[in-house]
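Engineer: Model the structure of this input:
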Amino acid sequence: MSSRRTLLTLAAAAAALTLAACGPENDPSPAPTNAAPTVPTTATSVPTAKPTGGATGGATGAPVNDPNCTAPAVPAGHKMLNLSKAATVTTVYAKETKYLCGKPEGGWIDAGEEKTYTFAPGATAKLADLNYGTHAATLLQFAAHTDSCINHTSAADQDPCFPRNTYDVVLDGSGKITSITQVGLTKPAS
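Structural biologist: Residues are numbered from 1 along each chain as shown. Got it, this is the predicted structure:
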């Protein structure tokens, strides 16, 4: 067999494997496997039914946008941030976000440079749980939890970590955080 014919045969086989790996209707996301289902990740504090997993696809692994999806509404005065470093009891390091309606899941993705935010006096924090809710935490507990999730350092932390470390933040008029709530699970529709 000539080397040209061998190359054409290999190219045809690679194309067939690529097409077989795609889902129905030319969807570039991979076909379903028998792997265990993933847990959707969105906060109950943000009025949304959209999960915030990592939607990726295509040859580069870049997010795939779904034009039939509507971004969840963010209440007035709230901002969705992705933590970029572990927080302290006085400071949060985060990036602003935008919502990507992705296949098979959507989520809050980074949409800016890292910024530093400080807490206003009396600021509150809430951490998400696996029961679709949140619970109050001190700023010290919040900081330890972010360290556990981002740096994987604290074995004593019993609260779950979620993809992208997304938080719903309320800022006062001077730009200081008055409330920060971890984005966790969204209760599935009944």
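
Engineer: quick one: buried residues of stretch 169-187?
Structural biologist: Buried residues in stretch 169-187, counted by 16 or more other C-beta atoms under 10 Å: 169-171, 177-186. Glycine gets a C-beta too; all of them are placed from N, C-alpha and C.

Engineer: closest to Lys79 among the residues you listed?
Structural biologist: Set against Lys79, the nearest of the buried residues of stretch 169-187 by C-beta to C-beta is Val169 (5.0 Å).

Engineer: Just grab the bridge partners of that closest one for me.
Structural biologist: Lys79, Ile180 (DSSP bridges).

Engineer: if I read this right, it contacts His78, doesn't it?
Structural biologist: Yes - under the criterion of C-beta atoms under 8 Å, Val169 makes contact with His78 at 6.8 Å.

Engineer: I'd like the next helix or strand past the top strand by length along the chain.
Structural biologist: Across the chain, the longest stretch assigned as strand under DSSP state E is strand 107-128. Counting by DSSP states H and E, the next helix or strand C-terminal to strand 107-128 is strand 134-137.

Engineer: Alpha carbons of the next helix or strand after that next one, as PDB, please.
Structural biologist: Going down the chain from strand 134-137, the next helix or strand is helix 139-151, by DSSP H and E. Output in PDB follows, covering the C-alpha atoms of helix 139-151 (Å, rounded to 0.1, in the frame of the first residue of the first chain):
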ATOM      1  CA  LEU A 139     -15.700  35.700  58.300                       C
ATOM      2  CA  LEU A 140     -13.000  33.500  59.900                       C
ATOM      3  CA  GLN A 141     -14.900  30.300  58.900                       C
ATOM      4  CA  PHE A 142     -15.500  31.800  55.400                       C
ATOM      5  CA  ALA A 143     -11.800  32.600  55.000                       C
ATOM      6  CA  ALA A 144     -10.800  29.100  56.200                       C
ATOM      7  CA  HIS A 145     -13.300  27.600  53.800                       C
ATOM      8  CA  THR A 146     -12.000  29.500  50.800                       C
ATOM      9  CA  ASP A 147      -8.400  28.400  51.700                       C
ATOM     10  CA  SER A 148      -9.700  24.800  51.800                       C
ATOM     11  CA  CYS A 149     -11.400  25.000  48.400                       C
ATOM     12  CA  ILE A 150      -8.700  27.000  46.600                       C
ATOM     13  CA  ASN A 151      -5.500  25.700  48.200                       C
END
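
Engineer: who does helix 139-151 touch, helix- and strand-wise?
Structural biologist: Helices and strands touching helix 139-151, by 3 or more C-beta pairs under 8 Å, 6 or more residues apart in numbering; DSSP states H and E, are strand 78-83, strand 107-128.

Engineer: give me the beta-bridge partners of Thr91?
Structural biologist: Beta-bridge partners, per DSSP bridges, of Thr91: Thr118.

Engineer: His135 too?
Structural biologist: Note on His135: beta-bridge partners by DSSP bridges are Leu127.
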